[in-house]
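Asker: Mind folding the following:
(one chain, ligands or ions: 1)
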Amino acid sequence: MAGVKRTLAVDLGGIALSTPLVAASGTFGTGREGGLLDTRRLGAAVSRSITLAPRKGAPSPRVAETASGLLWSVGLQNPGIDAFLADELPRLTRTGIPLFVSIAGSSLEEYVRLASVLQDVQGIAGIEVYLRGEGEAQEGEPFLSSAEHVVGVVGAVSRLSRLPVVAKLPVSLADLVESARGCVRAGAHGLTIDGSAPGMAIDTARLRPEVGAISGFLSGPAVRPFTVRAVFEVARILPEVPILAAGGVWTGNDAVELLLAGAWAVEMGTALLVDPSAATAAADGILGYLKHKGLASPADIRGRVRIPEPGTGEEAG
Ligand SMILES: Cc1cc2nc3c(=O)[nH]c(=O)nc-3n(C[C@H](O)[C@H](O)[C@H](O)COP(=O)(O)O)c2cc1C
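Answerer: Model prediction:
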């Protein structure tokens with residue numbers, strides 16, 4: 001449509017991104033990879049998850065291809081926060097795109113210490129809180145065992161943080177909507193809804209699990225419907241909260257689908273590992289969609305899925 005000034009820029013409640021495409025944690029590299037990834041069409045990136053002390057991570061192999069996606073278990077391999085800040089962060093911020101630092105802890109105290117270290121660091125757009133680690137909230141219960149534990153961690157980090165805090169919540173969380181609401185009430189700026197699902201694959205010839213950690217998480221296009229549903233459920237309860245959707249985004253149309261469900265931006269993981277130019281193609285795809293629909297920006301798509309009215313004969317089957 002003539003006269004429409006089109007942009008891919010999005011505003012995540014005060015965090016300006018040049019496009020709604022964000023490199024997901026663990027898939028953006030460490031800044032050593034040089035020009036492998038085309039970062040021009042990325043609006044932001046998330047670092048791999050960082051712990052206080054270095055972690056060796058899971059035994060190899062850490063990824064395995066399946067017919068329906070990538071099975072991964074990295075076991076939080078990272079150099080620890082001090083080495084990350086000294087070596088990795090300067091390289092990552094040199095890319096020029098906003099960077100979120102993902103933090104992972106095995107206790108509430110560890111999360112709080114990580115968040116307080118990051119307060120004085122320049123050049124970070126925000127913190128993403130990863131809760132899938134092997135940590136325990138209390139008495140042997142993992143953080144993800146209840147909304148109360150999730151909110152406890154995210155609230156503690158948000159209260160002391162001057163940086164915007166985004167809570168990364170798996171779609172498999174029993175009380176996803178309750179947890180999402182609780183995190184926002186406790187001070188989270190936004191939410192990343194993560195569709196990757198626990199999984200396992202077995203090499204039948206060798207009679208062994210395909211990944212060294214025995215089981216891992218499945219990501220890639222197969223999990224996108226999980227992400228779409230969860231984003232839709234959370235966004236309709238919290239329409240004013242920035243939501244990033246992670247899980248199964250490969251093409252521009254995949255991104256549009258999640259924006260229609262209510263996401264403000266999307267994270268791309270597996271796609272970037274397989275095809276470092278995937279974000280460029282996805283950005284072109286979103287622009288093409290905006291043009292075709294005569295819309296100006298991704299915000300015009302957000303939450304616009306049309307739900308048939310009961311009684312119109314259009315009800316879902
Ligand atoms: C090899 C690999 C490593 C990952 N490492 C992390 C990590 O350190 N922290 C994290 O929050 N998510 C991690 N993830 C999950 C991704 O950030 C993303 O949530 C998930 O892969 C779903 O998105 P996708 O279907 O686009 O890959 C990792 C994923 C992969 C494939």
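
Asker: tell me which parts of this structure are close to the ligand?
Answerer: By the rule Cβ under 6 Å from any ligand atom, the part of the chain lying against the ligand is 24-27, 48-49, 63, 70, 72, 74, 102, 130, 168, 194, 196, 219-220, 223, 246-249, 268-271. Where you see a C-beta, it was placed from the backbone N, CA and C, and this is true even at glycine.

Asker: Drop anything exposed from those residues.
Answerer: When the residues of the chain next to the ligand are checked for burial by 16 or more other Cβ atoms under 10 Å, the buried set is 24-27, 48-49, 63, 70, 72, 74, 102, 130, 168, 194, 196, 219-220, 223, 246-249, 268-271.

Asker: Take those and keep only those in helices.
Answerer: Here DSSP state H is the test, and these give 270-271 as lying in helices.

Asker: now, which of the residues of the chain next to the ligand lie within strands?
Answerer: Among the residues of the chain next to the ligand, the members found in strands (DSSP state E) are 48-49, 63, 70, 72, 102, 130, 168, 194, 219, 246, 268.

Asker: All the helices of the chain, in order from the start?
Answerer: Counting by DSSP H, the helices of the chain are 81-83, 89-93, 108-118, 147-160, 176-185, 224-237, 252-261, 270-274, 278-293.

Asker: looking just at contacts, which helices and strands does the second one meet?
Answerer: Using 3 or more Cβ pairs under 8 Å, 6 or more residues apart in numbering; DSSP states H and E as the contact definition, the elements that helix 89-93 packs against are strand 44-50, strand 99-103.

Asker: Could I have the CA atoms of that helix written out in PDB?
Answerer: This file holds the C-alpha atoms of helix 89-93, laid out as PDB (Å, rounded to 0.1, in the frame of the first residue of the first chain):
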ATOM      1  CA  LEU A  89      31.000  -9.700  27.000                       C
ATOM      2  CA  PRO A  90      33.300  -7.200  25.300                       C
ATOM      3  CA  ARG A  91      33.300  -9.400  22.200                       C
ATOM      4  CA  LEU A  92      29.500  -9.800  22.200                       C
ATOM      5  CA  THR A  93      28.700  -6.200  22.700                       C
END
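
Asker: ok so, going back, quick one: which of the ones in strands among the residues of the chain next to the ligand is nearest P79?
Answerer: Ranked by distance to P79 (Cβ to Cβ), these are led by R48 at 9.7 Å.

Asker: ok now do the closest one, which residues does it touch?
Answerer: Contacts were defined as Cβ atoms under 8 Å, 6 or more residues apart in numbering; by that measure R48 touches 25-26, 28, 30, 74, 77-78, 102.

Asker: cool, S219 as well?
Answerer: Taking Cβ under 8 Å, 6+ apart as the criterion, S219 is in contact with 69-70, 72, 195-196, 247-248, 269-270.

Asker: Could you find the closest non-adjacent residue to whatever residue of the stretch 201-317 of the chain ends up closest to the ligand?
Answerer: For the stretch 201-317 of the chain and the ligand, the shortest gap (Cβ to the nearest ligand atom) falls at G269, measuring 2.7 Å. Distances taken as Cβ to Cβ, 6 or more residues apart in numbering place A24 nearest to G269, at 3.5 Å, with adjacent residues excluded.

Asker: pLDDT score assigned to the one you found?
Answerer: Predicted confidence (pLDDT) at A24: the value is 97.

Asker: now swap in V256 and tell me
Answerer: 98.
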